[in-house]
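# pasting a predicted model and its sequence here:
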Amino acid sequence: MSRTTVEESRQGLFRLINSRTGLTVGGSSRDLDVPLTTFKPRTEAVLSDQSLTVENLLAIVEWENDPNSWQYPEQVPGGMLVWEYELPMDEQYDELFGRTPGAEDSPNPAERPVETIVEWTLGLLSLAQRPATGLFPKLAKSRVVTFLNLEAPEMDERQVSIDWIRAQPRPVQEEALQRGFSMMYEVQDWMIGQGLTPLSGEDPRMPDLLRLTMQRDRLIAEQRATAASG
């Protein structure tokens, strides 16, 4: 199920349920003139008075349930319950994971933006001298937002961070990486089908990302061993 659902509790009475926050809002007839929320996604809610129609709510539900919404990241429905949802999906991603495009990372690790499978993939491609081009980073970010909205509405964001994934036992780690990489391949395949080029170079297809990850791990381990012995 998606994050937001609208139910008719009884005739003429509607109820909005947000699965991520547990927020439930009720109203009658076509207008829900009740306190709604303007929360940052997946943070503590801050209530404010708004008026939202059932049509608005159903538009949100339809958008969240569309598995292909990442393919048109600029198109978001108006009257969204969460103001960040009015942003293009790649900007929603930046808001969610604490990213300010062009800004330098804080020297304090706790204040640095969250790294997800998107940044990990872009790093692997750069190391392989096959950097992503064009719309790939934007669509990859949007695909992660769609994943959280539709496929994992109850998942804590930390569970899509590379730090969390890499701290898990090897089987869990590989499963999570493969799940993330499959989204990146999905973006690649769609772009190629649209006549777009996801990567630089003659071959538009990505190399084996899991194999590149293991190669990177071995290289880092060798560098650490060399530093320790020296």
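Yep, it's here. Residues are numbered from 1 along each chain as shown.
# show me this structure divided up by domain.
Using automatic domain parsing, the domains assigned to the chain come out as 4-79, 89-229.
# which of these has the lowest average pLDDT?
Of all the domains of the chain, domain 4-79 carries the lowest average pLDDT, namely a mean of 57.
# where along this protein do the strands fall?
Secondary structure of the chain, counting by DSSP state E: strands at 4-10, 13-18, 24-28, 31-32, 35-37, 47-49, 52-53.
# which one's the longest helix in this protein?
For the chain, the helix with the greatest residue count under DSSP state H is helix 170-193.
# Ala116 pairs with what?
Rather than Ala, residue 116 is Thr. Legend: beta-bridge partners of Thr116 under DSSP bridges are Ser161.
# could you count how many residues lie near it?
Residue neighbour count, defined by other C-beta atoms under 10 Å, stands at 24 for Thr116. C-betas here are computed from N, CA, C, even on glycine.
# next: the one 10 residues further on.
The burial metric for Ser126, expressed as a neighbour count using other C-beta under 10 Å, is 11.
# and what of Arg130?
19.
# and for Asn65?
Residues contacting Asn65 under the criterion other C-beta under 10 Å number 15.
# distance of it relative to Ser126?
Look at Asn65 and Ser126: by C-beta to C-beta, to the nearest Å, they are 35 Å apart.
# also Val160?
21 Å.
# ranges for the helices of this protein?
54-64, 89-96, 117-127, 136-146, 162-166, 170-193, 209-229.
# could I get those as CSV with distance to Gln71?
Shown next, in CSV, are these (distance: least, C-beta to C-beta, whole Å):
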stretch, distance to Gln71
helix 54-64, 13
helix 89-96, 10
helix 117-127, 16
helix 136-146, 7
helix 162-166, 25
helix 170-193, 6
helix 209-229, 21
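# deepest of the ones you listed, which one?
helix 136-146 (a mean of 24; mean count of other C-beta atoms under 10 Å).
# before we move on, back to that, could you name the helices and strands sitting against the longest helix of the chain?
helix 117-127, helix 136-146, helix 162-166, helix 209-229 (3 or more C-beta pairs under 8 Å, 6 or more residues apart in numbering; DSSP states H and E).
# distance of Glu115 relative to Pro204?
25 Å.
# what does Val76 give?
Here Val76 is placed at a distance of 28 Å from Pro204 (C-beta to C-beta).
# quick one on the thing from earlier: nearest to Val187, out of the helices and strands packed on helix 170-193?
helix 136-146 (4.8 Å; C-beta to C-beta).
# got the CA coordinates for that closest one in CSV?
Only the C-alpha atoms of helix 136-146 are listed here, as CSV (Å, rounded to 0.1, in the frame of the first residue of the first chain):
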residue,chain,number,x,y,z
PHE,A,136,20.1,9.4,-15.0
PRO,A,137,20.9,11.0,-11.5
LYS,A,138,17.5,12.8,-11.5
LEU,A,139,15.5,9.8,-12.5
ALA,A,140,17.5,7.5,-10.1
LYS,A,141,16.6,9.8,-7.2
SER,A,142,13.0,9.9,-8.3
ARG,A,143,13.0,6.1,-8.5
VAL,A,144,14.0,5.9,-4.8
VAL,A,145,11.2,8.3,-3.8
THR,A,146,8.7,6.0,-5.7
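# residues contacting that helix, please?
The contact list for helix 136-146 (C-beta atoms under 8 Å, 6 or more residues apart in numbering) reads 66-67, 69-71, 73, 88-90, 92-94, 96, 116-118, 121-122, 132, 160, 183-184, 186-188, 190-191, 198-199.
# sounds good, over and out.
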